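Engineer: Dropping the sequence and predicted coords here.
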2 protein chains.
Amino acid sequence: MYDQVVENRDGRPLHERLSEEFRHRIATGAWPEGSQLPSEATLCGEFGTSRGTVRQALATLRNEGVVTGGRGRPPMVRAAVQSQSFSTFMSFTEWAHSIGKTPGQRTYEVARRPAGPVAAAQLGLEAGEPVVEIYRLRSLDGVPAMIERTTFVMEAGRLLFDFDADNGSIFNYLRSRGVDLSRARRTIDAVAAGPDDARLLEVDPNTPLLRERRLTSSADGRPIEYSEDCYLPSLTNFTIDNTSESRASLVRIPTP
Amino acid sequence: MYDQVVENRDGRPLHERLSEEFRHRIATGAWPEGSQLPSEATLCGEFGTSRGTVRQALATLRNEGVVTGGRGRPPMVRAAVQSQSFSTFMSFTEWAHSIGKTPGQRTYEVARRPAGPVAAAQLGLEAGEPVVEIYRLRSLDGVPAMIERTTFVMEAGRLLFDFDADNGSIFNYLRSRGVDLSRARRTIDAVAAGPDDARLLEVDPNTPLLRERRLTSSADGRPIEYSEDCYLPSLTNFTIDNTSESRASLVRIPTP
DNA sequence: AAACGCCACTTGTATGGACAAGTTAACCAA
DNA sequence: TTGGTTAACTTGTCCATACAAGTGGCGTTT
């Protein structure tokens, strides 16, 4: 019955396809929130795999916070915020589509200029080295939602002059051009809207904004992009589930 | 040589002691950031355990983002923000100590009163059911840092009348009294400081604050506490590392 | 009826083996 | 010297097994 899950030897690991199937069952309500899911032995029988593989699949759901556990206790489906894939979390465009809204953008500037001190420090450059900066307003269903100030190292930035910044996702474009974007460090705080941002977001100056500073790097740690994104908190915020079983990946830190 | 790690059969699982030892080596610089750590086979030999156990220990470090991997590629120590344990993340007092600062608090109110609509909805109560509310100013090294408005269900709240709220950690106190606090959902956004909060934090009204709304529950999902904590963003912010390998546990969501 | 103990079942922990897939370095050949 | 191939090594995946530890239900005993 579920042979298409197991037989599909397209290279994807088995435990990955299993965890995907489990996620799908939870999303569709086949395994409702709060219900206890089948025992590991049952799942082994259903998919014809070993227990280790089933446990590996369940483990990925566990540290997404979707499934609880406990010795002797059957695992339960937990009411958790649904996790987002890396690309959904990185790309405003993809995120907007995933929540059923239409993303928009208006680009005010694409410029090659010497790096400022903050961006240079984050990107590991000397202040004054050339970078590409983009200044955009992002909207959801036509309503202004976020201001984006992004600084790219030249390696990635030079590609942007061939890109219509008013049309689509920079993240997906750069990926398609072979740029390795696979790590991101986000720091979240609050700032008052400056006069420019306030005008674009159509709010009063000094309105509090939710700021996300993001340093995106390649797999081997070379910085590619530094961005300061200011969200209208009435439209967007950030959520995380924590449990006592796992160490927190989101951490509270003192400002230097 | 490392027999004390393996031989210590005090009930703690072996893979947990291993991952702790690994974390310790990274923290002390025995395994410097950016270096590649010993092969799994080497670690098996060193600790006398099987490969599965070593891999399980490494896996916990992996989804904290501390260690990278890859087939054929030796695992490397990644420059990541150090993770915080659940209790460090939950308890302002414990967090302050972990960063070498002295926590302070000044309690302005401990009151039993009917639940307001927001707290009641979050805690799953009828509006008007009795709850215990606490209003506190938290400080770091004597400097005001955060305003805390917490609402407890009576089951936990009744214990607080026996507690000196100006002295120590409510979280640790409740835990010691047997209250099960093991899950938390945090939502982060930005708000303008109201007149009361501004006066206590010694800032101008309408200064942007970093707001964390937190619903803490027991293991089986019963809500215990709902809190709205407003941080001075100049002193505190939140940070998270993301990679393309894992689905994001921190998610961006539209405000209802 | 309540308390207790036993037992089946479940998950957590740990071991061992096997193969696949990728990396690195040494080696040989042109 | 340069290029490509090979071989050793490493990690990812998957399997099978065994035992420990906790849960819940059943039945007996009190």
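Structural biologist: Sure, I can see it. As the structure is a prediction and not an experimental result, all values here were calculated from the model.
Engineer: switch to C-alpha atoms for all contacts and neighbour counts from now on
Structural biologist: Noted.
Engineer: Can you list the low-confidence ranges for the stretch 51-200 of chain A?
Structural biologist: Within the stretch 51-200 of chain A, no stretch falls below the threshold (pLDDT under 70).
Engineer: I'd like to know which residues of it are adjacent to DNA strand D.
Structural biologist: A:R51, A:G52, A:T53, A:R71, A:G72, A:R73 (Cα under 7 Å from any atom of the strand).
Engineer: which ones are touching the closest residue to the first one other than its chain neighbours?
Structural biologist: It refers to A:R51. Distances taken as Cα to Cα, 6 or more residues apart in numbering or on different chains place A:C44 nearest to A:R51, at 5.9 Å, with adjacent residues excluded. Residues in contact with A:C44 (Cα atoms under 8 Å, 6 or more residues apart in numbering or on different chains) are A:S50, A:R51, A:V54.
Engineer: Pull out the buried positions in the helix or strand encompassing A:C44.
Structural biologist: Here A:C44 is covered by helix A:40-47, with elements defined by DSSP states H and E. Within helix A:40-47, the residues scored as buried using 16 or more other Cα atoms under 10 Å in any protein chain shown are A:E40, A:L43, A:C44, A:F47.
Engineer: and that helix, anywhere near DNA strand D?
Structural biologist: No. Figure legend: helix A:40-47 not in contact with DNA strand D (Cα under 7 Å from any atom of the strand); closest approach 8.1 Å.
Engineer: Distance from that helix to the middle of the chain?
Structural biologist: On the basis of Cα atoms, centre = their mean, to the nearest Å, helix A:40-47 sits 32 Å off its chain's mean C-alpha point.
Engineer: Which SSE is immediately downstream of it?
Structural biologist: Next along the chain after helix A:40-47, taking DSSP H and E as the criterion, comes helix A:51-62.
Engineer: which other helices and strands contact that next one?
Structural biologist: Using 3 or more Cα pairs under 8 Å, 6 or more residues apart in numbering or on different chains; DSSP states H and E, the elements in contact with helix A:51-62 are helix A:14-28, helix A:40-47.
Engineer: right, so of those, which gets closest to B:A165?
Structural biologist: Proximity to B:A165, assessed across these by Cα to Cα, is greatest for helix A:14-28 (41.9 Å).
Engineer: do that closest one and DNA strand D meet?
Structural biologist: Yes. Using Cα under 7 Å from any atom of the strand, helix A:14-28 reaches DNA strand D at A:L14, A:H15, A:E16.
Engineer: what's next to that helix, contact-wise?
Structural biologist: With Cα under 8 Å, 6+ apart as the test, helix A:14-28 has contacts from A:5-6, A:31-33, A:53-54, A:56-58, A:60-61, A:77.
Engineer: Quickly check: it near DNA strand C or not.
Structural biologist: No. Applying Cα under 7 Å from any atom of the strand, one finds helix A:14-28 separated from DNA strand C by no less than 12.0 Å.
Engineer: Give me the distance from that helix to the chain's centre.
Structural biologist: Centroid displacement of helix A:14-28 relative to its chain, using Cα atoms, centre = their mean, is 20 Å.
Engineer: swap in stretch A:218-226?
Structural biologist: How far stretch A:218-226 lies from its chain's middle: 16 Å, per Cα atoms, centre = their mean.
Engineer: what are the ranges of the helices in the stretch 1-150 of chain A?
Structural biologist: For the stretch 1-150 of chain A, the helices defined by DSSP state H, counting those that start in this stretch cover A:3-7, A:14-28, A:40-47, A:51-62, A:86-90, A:92-98, A:117-123.
Engineer: Now for A:G69, how many residues are close by?
Structural biologist: For A:G69, the neighbour count with other Cα atoms under 10 Å in any protein chain shown is 15.
Engineer: For A:G69, give its distance to chain B.
Structural biologist: With distances taken as Cα to the nearest Cα, to the nearest Å, A:G69 is found 10 Å from chain B.
Engineer: Tell me the spacing between that residue and DNA strand C.
Structural biologist: From A:G69 across to DNA strand C, the span is 4 Å (Cα to the nearest atom of the strand, to the nearest Å).
Engineer: Flag every buried residue along stretch A:105-121.
Structural biologist: Neighbour-count burial for stretch A:105-121 flags A:Q105, A:R106, A:V110, A:A111, A:R112, A:A115, A:G116, A:A119, A:A120 (criterion: 16+ other Cα under 10 Å).
Engineer: hmm, who's touching it?
Structural biologist: With Cα under 8 Å, 6+ apart as the contact definition, stretch A:105-121 has outside contacts at A:125-139, A:151, A:161, A:165-167, A:226.
Engineer: which among those residues end up buried?
Structural biologist: The neighbour count (16+ other Cα under 10 Å) marks A:125, A:130-139, A:151, A:165, A:226 as buried among the contacts of stretch A:105-121.
Engineer: can you pull the contacts of whichever residue of the stretch 151-256 of chain A sits closest to DNA strand D?
Structural biologist: Relative to DNA strand D, the nearest point of the stretch 151-256 of chain A is A:A219 (13.6 Å; Cα to the nearest atom of the strand). Applying Cα under 8 Å, 6+ apart, we find A:A219 in contact with A:D180, A:L181, A:S182, A:R183.
Engineer: rerun at 10 Å
Structural biologist: By Cα atoms under 10 Å, 6 or more residues apart in numbering or on different chains, the residues touching A:A219 are A:D180, A:L181, A:S182, A:R183, A:A184, B:T68, B:T243, B:S244.
Engineer: Quick check on the first one: phi, psi?
Structural biologist: Backbone torsions of A:D180, given as degrees, to the nearest 10, read phi -90, psi 100.
Engineer: Rebuild the buried residues of helix A:40-47 as a markdown table, extending it with pLDDT and distance to B:Y231.
Structural biologist: Shown next, in a markdown table, are the buried residues of helix A:40-47 (pLDDT from 0 to 100; distance: Cα to Cα, whole Å):
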| residue | pLDDT | distance to B:Y231 |
| --- | --- | --- |
| A:E40 | 96 | 44 |
| A:L43 | 96 | 46 |
| A:C44 | 96 | 48 |
| A:F47 | 95 | 49 |
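Engineer: which of those residues come close to DNA strand C?
Structural biologist: Counting by Cα under 7 Å from any atom of the strand, the members of these near DNA strand C are A:E40.
Engineer: And the buried residues of helix A:40-47, which is closest to B:N237?
Structural biologist: Of the buried residues of helix A:40-47, the one sitting nearest to B:N237 (Cα to Cα) turns out to be A:E40, at 40.4 Å.
Engineer: correct me, but that closest one touches A:G48?
Structural biologist: No. With contact defined as Cα atoms under 10 Å, A:E40 does not reach A:G48; the gap is 11.5 Å.
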